[in-house]
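Enquirer: Whatever this is, show me its structure:
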Amino acid sequence: MWPAATAKPQNLPIGISGPAASVAAVEKALAAQDPAPFALEKVSSRADAVARITERTLYGAVLLGDTPEVLVATAAGPAPAQALRAVAAELQSQIDASAQSALIAQLTAISQALAAGERPTLPDAGTAPRAVPTVHVTDVVPVAAGDPTGAGLAAAAFPLVLGGMLGGIILTLRVQGAIRRLVGLAAFGVAAGVVIVTVMQTWFGILAGSWLLNAAAVALSVTATGALIIGLAALLGPIGIGVGAVITLLVANPIAGAAVPSPFLPSPWGAIGQWFVPGASVTLLRSTSYFPDAATAAQWLTLAAWLVGGVLLTLIGHRRTAAELAPAAPEPPTAPATA
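Expert: Coordinates of the predicted model:
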């Protein structure tokens, strides 16, 4: 549980645009923090910021100017959205404080002029006072109606991990033969993809997007985890089940970035977690569900690599075991000695 206990934004990529002086002030404020909570990337416009958020290259954006706005994407995770909402609140406080300071300075100047017997400079009669800008927060990629807090999608990581582990363990203990186990695992993965996505998307409305893509992502995730369990058991024997469980549940799952995204985890564990099955599967499912424009090749390839690795371990372990159990060839009879 240590990643969750120490999670905080570290160089979270967000966009920024606005007057050069305002952008420079924000950059200076962030430079004073170590580690910086945000990594600022300049965007050319609001449309540019929205496009990069939907591509998952940015978690949000701060648009400065006469109508300040903060863009968030709750579907990318509740933690980044909460951090950006805090930025919006701080920005509004600074704007209010600046407006209050300007008003106090104006009143002070009027009072000093009156005290000196001079005619004070007053605002033009009939003109409305300048409105204080309001910082608007816009959720450009909200979560589904069935998951208003985004916690359901984060919790989806557990059934993927547990389902793959259970499938691998059951097939290892109840099915004999490498080919039978692998065929059974393929069927189990397809069934898991159909069942899990039906429950989470069709019934509870936690997932969105393409049903088939989500089912494929879940099926590959479950199959990859199961293949690791089966492969290690074939190679190491019963202890392989425990090794696979430790790798999946105790090492990979805490750094998967399910509850909080990888930039919130201590470096370099957030990046490392994306190369394990739980991390790749959570990132992939979030993208297929809410971010169809995001690049997902890395996640598909990562899961496929674990699946292929598990299959190879299964075949190697089965062949070695078969060779060890094969009866020894009888020794050829020796010819009788001749006188």
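
Enquirer: Would you map out the domains in the protein?
Expert: 2-139, 151-325 (automatic domain parsing).

Enquirer: Need the winner for burial among those.
Expert: Most buried of those by mean neighbour count (mean count of other CB atoms under 10 Å) is domain 151-325; its value is a mean of 20. For glycine as for every other residue, the C-beta is placed from the backbone atoms N, C-alpha and C.

Enquirer: so how far is that domain from its chain's centroid?
Expert: 16 Å (CA atoms, centre = their mean, to the nearest Å).

Enquirer: now for the domains of the chain, which one comes closest to Ala145?
Expert: Among the domains of the chain, domain 151-325 comes nearest to Ala145, with 5.9 Å by CB to CB.

Enquirer: ok, back up a step: worst mean pLDDT among the domains of the chain?
Expert: When these are compared on average pLDDT, domain 2-139 comes out lowest at a mean of 82.

Enquirer: leaving aside the residues next to it on the chain, what's closest to Ala271?
Expert: Distances taken as CB to CB, 6 or more residues apart in numbering place Ser262 nearest to Ala271, at 6.2 Å, with adjacent residues excluded.

Enquirer: ok, the one you found to Leu249 distance?
Expert: 19 Å (CB to CB, to the nearest Å).

Enquirer: correct me, but Val260 touches Ala7?
Expert: Yes. Taking contacts as CB atoms under 8 Å, Val260 lies within contact range of Ala7: 4.5 Å.

Enquirer: Now the common contact residues for those two.
Expert: Overlap of the contact sets of Val260 and Ala7 (by CB atoms under 8 Å, 6 or more residues apart in numbering) consists of Ala79.

Enquirer: Now do the contacts for Gly150.
Expert: Neighbouring residues of Gly150 by CB under 8 Å, 6+ apart: 74-75, 77-78, 81, 143.

Enquirer: any chance of the residues you listed in JSON lines, with secondary structure too?
Expert: Shown next, in JSON lines, are those (DSSP: H, G, I helix; E, B strand; the rest coil):
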{"residue": "Thr74", "secondary structure": "helix"}
{"residue": "Ala75", "secondary structure": "helix"}
{"residue": "Gly77", "secondary structure": "coil"}
{"residue": "Pro78", "secondary structure": "helix"}
{"residue": "Ala81", "secondary structure": "helix"}
{"residue": "Val143", "secondary structure": "coil"}
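
Enquirer: just those now: which is nearest Ala271?
Expert: Gly77 (16.1 Å).

Enquirer: Surely the closest one and Val260 touch.
Expert: Yes. Judged on CB under 8 Å, Gly77 makes contact with Val260 at a distance of 6.5 Å.

Enquirer: what's the distance between Ala258 and Ala25?
Expert: From Ala258 across to Ala25, the span is 35 Å (CB to CB).

Enquirer: by contact count, what packs against the helix or strand hosting Gly168?
Expert: Assigned by DSSP states H and E, Gly168 belongs to helix 157-174. Here helix 157-174 touches helix 178-197, helix 211-236, helix 239-245, helix 277-290, going by 3 or more CB pairs under 8 Å, 6 or more residues apart in numbering; DSSP states H and E.

Enquirer: 10 Å instead, please
Expert: Counting contacts by 3 or more CB pairs under 10 Å, 6 or more residues apart in numbering; DSSP states H and E, helix 157-174 packs against helix 178-197, helix 211-236, helix 239-245, helix 277-290, helix 297-325.

Enquirer: how about that helix as PDB, C-alpha atoms only?
Expert: Only the C-alpha atoms of helix 157-174 are listed here, as PDB (Å, rounded to 0.1, in the frame of the first residue of the first chain):
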ATOM      1  CA  ALA A 157      -8.100  -3.300 -11.800                       C
ATOM      2  CA  PHE A 158      -8.800  -5.900  -9.000                       C
ATOM      3  CA  PRO A 159     -11.100  -8.200 -11.000                       C
ATOM      4  CA  LEU A 160      -8.700  -8.200 -13.900                       C
ATOM      5  CA  VAL A 161      -5.800  -9.200 -11.600                       C
ATOM      6  CA  LEU A 162      -7.900 -11.700  -9.500                       C
ATOM      7  CA  GLY A 163      -9.600 -13.200 -12.600                       C
ATOM      8  CA  GLY A 164      -6.300 -13.900 -14.300                       C
ATOM      9  CA  MET A 165      -4.800 -15.400 -11.200                       C
ATOM     10  CA  LEU A 166      -7.700 -17.600 -10.500                       C
ATOM     11  CA  GLY A 167      -7.900 -18.800 -14.100                       C
ATOM     12  CA  GLY A 168      -4.200 -19.700 -14.100                       C
ATOM     13  CA  ILE A 169      -4.300 -21.500 -10.800                       C
ATOM     14  CA  ILE A 170      -7.500 -23.500 -11.600                       C
ATOM     15  CA  LEU A 171      -6.200 -24.600 -15.000                       C
ATOM     16  CA  THR A 172      -2.800 -25.500 -13.500                       C
ATOM     17  CA  LEU A 173      -4.300 -27.700 -10.800                       C
ATOM     18  CA  ARG A 174      -7.200 -29.200 -12.700                       C
END
